[in-house]
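[1] the following block contains a protein sequence and its predicted model.
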Amino acid sequence: MSIEALIRRMEALLGPLEAVGDPQRFFHASYLRTTRALRDALRAGLLHDPDWVERWGVAFADRYLAALGAAAAGAAVPAPWAVAFRAGQRQPGAPALRPVLLSMSAHISYDLPQALLAVISGPEFANEQVISRRHADYQRIGELLSRWWFPGGLNQPASRRLRAARAAAWANAIELNAARSLGPPAYAERQRDLEALSAARVAGLVRRGQLRRLALPDFGVRLVAEGDAVRRTPYRANGTAPAGPAGPPAAGRAPGRLRSFDPAQVAGLELRAWVGYYRRDWATVLRCTVALVRAGFGMSWPRTVQGAWLLLRASQLWAPLDNDPEAAQRCLRQFYGLVGTTYGTPGDSAEAARLEVEWWRVHRERQHGFRPAEPLVDALARLYAFVYQAPHSDVRPAAAHRARAMDLSDQWVAEGCLPDSPLLALEHAALVRSYAALLAAVHR
């Protein structure tokens, strides 16, 4: 398809969107204007390789149009677009900037890296001269986009965020290309990572109700190479994390609702809490748990501190081989009572506590070689479905990734809890995937 054909296709779709007052019309109209501007830039000779830029522009737009068409037909759409489209339908009277920014986040974070791979082959990525030309055109388009989306220097913070998101998308394309070179299974896994993280990013934007705040967060995401997790999650010689990164979120950044959390932040905190747990370093576990409860549940500080203490006591009561499951469950019942009082869910704190202890029990049996993985995944999914009032099938991927993280943790324990073990990086990556999938699931 040529860019002229793309413009005609987008023009034909705009009318029906406007006729029914679909909130998506705002993004679609803006996208149409930038596509026309891209056509003019190609005609003006502003790019090194106009043929390649046209192919890329068409491939990029086609991913959005495919999602739009699937949604109109009632078919499944990628998770980032599902979150963005649903937010628009639920708040049709929201300011126009809201659906525009949500769609920009979905399109840039999820579609852009994959569109780049569609028009840059593996050998081209490896060719320094070719990839340099491609990147130069990519950068030039980024400069033009800032002018097209934010003319006259309007909204400079948003313009900077757009540039940062596009830089992350280029880095993600490199990550995806590396996975592509390893074969379809590795590539598919990284695509799933990108989808979950992108959906989590859009969901994070959805929760920000004020327009002035909506324009400020990043639009995109960054795939973290699994080896980078060690560098991003440092440990002291005794296996504990430095106090700074594990501390509570900065003022004003704590989420205000149960379904609002930063997957990377929660994953890092849980990893550090697990390290402390298996070393029986309860002071570290308490610090991390306070931060984890604040980041993951967003309750007031008094309830956060009380809830963290209850979780710590439950962990201590459960940890010994001759443990006290009933006492641990009583602590968890009080914890979920705090959550229920804050959010109205779970409605039955006793059942939530029972489900929590149940997956602890199943995990311990698996840890000692008595259980396959499926019962642990099922137990986690049942807890998620109950607490977040979400379909079991939606939260099951999150449960599977967390079970994988537990397997890696158990292997780390069996190998001696070494603070510089590469297993910690793999465990962190699995937890990020888990919480990104959970956030996306509860926003479907």
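    Everything's here; your move. Residues are numbered from 1 along each chain as shown.

[2] give me the neighbour count for the spatially closest residue to residue 389 that is not a sequence neighbour.
    Spatial nearest neighbour of residue 389, chain neighbours left out: residue 345 (5.6 Å); criterion: CB to CB, 6 or more residues apart in numbering. For every residue, glycine as well, the C-beta is placed using N, CA and C. Using other CB atoms under 10 Å, residue 345 is surrounded by 16 other residues.

[3] can you pull the contacts of residue 322?
    For residue 322, no contacting residues are found, by CB atoms under 8 Å, 6 or more residues apart in numbering.

[4] my bad, residue 354
    Taking CB under 8 Å, 6+ apart, one finds residue 329 in contact with residue 354.

[5] list the buried residues in the strand or helix carrying it.
    According to DSSP states H and E, residue 354 maps onto helix 349-367. The neighbour-count check on helix 349-367 (16 or more other CB atoms under 10 Å) flags 349, 351-364, 366-367 as buried.

[6] next one: it to chain centre, how far?
    Offset of helix 349-367 from its chain centre (CA atoms, centre = their mean, to the nearest Å): 26 Å.

[7] right, and the helix or strand after it?
    Taking DSSP H and E, what comes next after helix 349-367 is helix 373-388.

[8] what packs against that next one?
    helix 349-367, helix 392-414, helix 423-442 (3 or more CB pairs under 8 Å, 6 or more residues apart in numbering; DSSP states H and E).

[9] contacts only, for the nearest residue to residue 337 once chain neighbours are set aside.
    Nearest non-adjacent residue to residue 337, counting by CB to CB, 6+ apart: residue 349, 4.2 Å away. By CB under 8 Å, 6+ apart, residue 349 lies in contact with 333-337, 339-340.

[10] so for stretch 33-41, what's the average pLDDT?
    For stretch 33-41, mean pLDDT rounds to 93.

[11] then stretch 93-103?
    For stretch 93-103, the per-residue pLDDT averages 86.

[12] equivalent analysis for stretch 325-338, please.
    For stretch 325-338, mean pLDDT rounds to 96.

[13] pull out the buried positions in that stretch.
    For stretch 325-338, using 16+ other CB under 10 Å, the buried residues are 328-338.

[14] so can I have CSV of those residues showing distance to residue 404 and secondary structure?
    Below are the buried residues of stretch 325-338 laid out as CSV (distance: CB to CB, whole Å; DSSP: H, G, I helix; E, B strand; the rest coil):
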residue, distance to residue 404, secondary structure
328, 24, helix
329, 26, helix
330, 30, helix
331, 27, helix
332, 24, helix
333, 28, helix
334, 30, helix
335, 25, helix
336, 25, helix
337, 31, helix
338, 29, helix
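
[15] quick check, nearest of the residues you listed to residue 60?
    residue 336 (44.6 Å; CB to CB).

[16] just the mean pLDDT for stretch 111-131, thanks.
    For stretch 111-131, the mean pLDDT works out to 96.

[17] how far does it stretch from start to finish?
    Counting by CA to CA, to the nearest Å, you get 19 Å between the two ends of stretch 111-131.

[18] residue 347 and residue 340 touch, don't they?
    Yes. Contact criterion CB atoms under 8 Å: residue 347 and residue 340 qualify, at 6.4 Å.

[19] the nearest residue to residue 258 once chain neighbours are set aside - how many residues pack around it?
    Of all residues beyond its chain neighbours, the one nearest residue 258 is residue 343 (4.5 Å), with distances taken as CB to CB, 6+ apart. Residues lying near residue 343 (other CB under 10 Å) number 16.

[20] same question, the one 4 residues further on
    By other CB under 10 Å, the residues close to residue 347 number 11.

[21] assign a three-state SS to it, would you?
    Three-state assignment for residue 347 (DSSP: H, G, I helix; E, B strand; the rest coil): coil.

[22] on that earlier part again, which one, of the helices and strands packed on helix 373-388, ends up nearest to residue 194?
    Proximity to residue 194 (CB to CB) singles out helix 423-442 among those, at 9.7 Å.

[23] other SSEs contacting the closest one?
    Applying 3+ CB pairs under 8 Å, 6+ apart, one finds that helix 423-442 makes contact with helix 79-90, helix 184-206, helix 228-232, helix 263-278, helix 373-388, helix 392-414.

[24] on that earlier part again, tell me how far the residue nearest to residue 337 lies from residue 341.
    9 Å (CB to CB, to the nearest Å).

[25] what's the answer for residue 139, then?
    Residue 139 is 51 Å from residue 341, where distance means CB to CB.

[26] the two: who's more crowded?
    residue 139 (14 against 11).

[27] and the gap between the more buried one and residue 356?
    49 Å.

[28] same check, this time on residue 413
    According to CB to CB, residue 413 stands 21 Å off from residue 356.

[29] try residue 108
    For residue 108, the distance to residue 356 - CB to CB - is 37 Å.

[30] what count of nearby residues applies to residue 188?
    Applying other CB under 10 Å, we find 12 residues neighbouring residue 188.

[31] I should have written residue 44 there, sorry.
    Should you count by other CB under 10 Å, residue 44 turns out to have 9 residues around it.

[32] let's number from 37 now, not from 1
    Renumbered: residue one is now 37, and that last one reads residue 80.

[33] low-confidence ranges, this structure, go.
    184-194, 243-255, 260-293, 480 (pLDDT under 70).

[34] residue 320 is in contact with residue 312, isn't it?
    Yes. Using CB under 8 Å, residue 320 is in contact with residue 312, at 3.5 Å.

[35] care to break this structure down by domain?
    Following automatic domain parsing, the chain resolves into domains at 39-250, 264-478.

[36] what is the neighbour count of the residue lying closest to residue 115 once chain neighbours are set aside?
    Using CB to CB, 6+ apart and skipping the chain neighbours, the partner closest in space to residue 115 is residue 235 (3.7 Å). Neighbourhood size, residue 235 [other CB under 10 Å]: 29.

[37] contact partners for residue 235?
    Residue 235 neighbours (CB under 8 Å, 6+ apart): 114-116, 118-119, 146, 472, 475-476, 479.

[38] any idea which of the residues you listed is closest to residue 56?
    For the contacts of residue 235, the minimum distance to residue 56 (CB to CB) is 19.2 Å, reached by residue 118.

[39] please report how far that closest one lies from residue 100.
    13 Å.

[40] same check on residue 106?
    In terms of CB to CB, residue 106 sits 11 Å off from residue 100.
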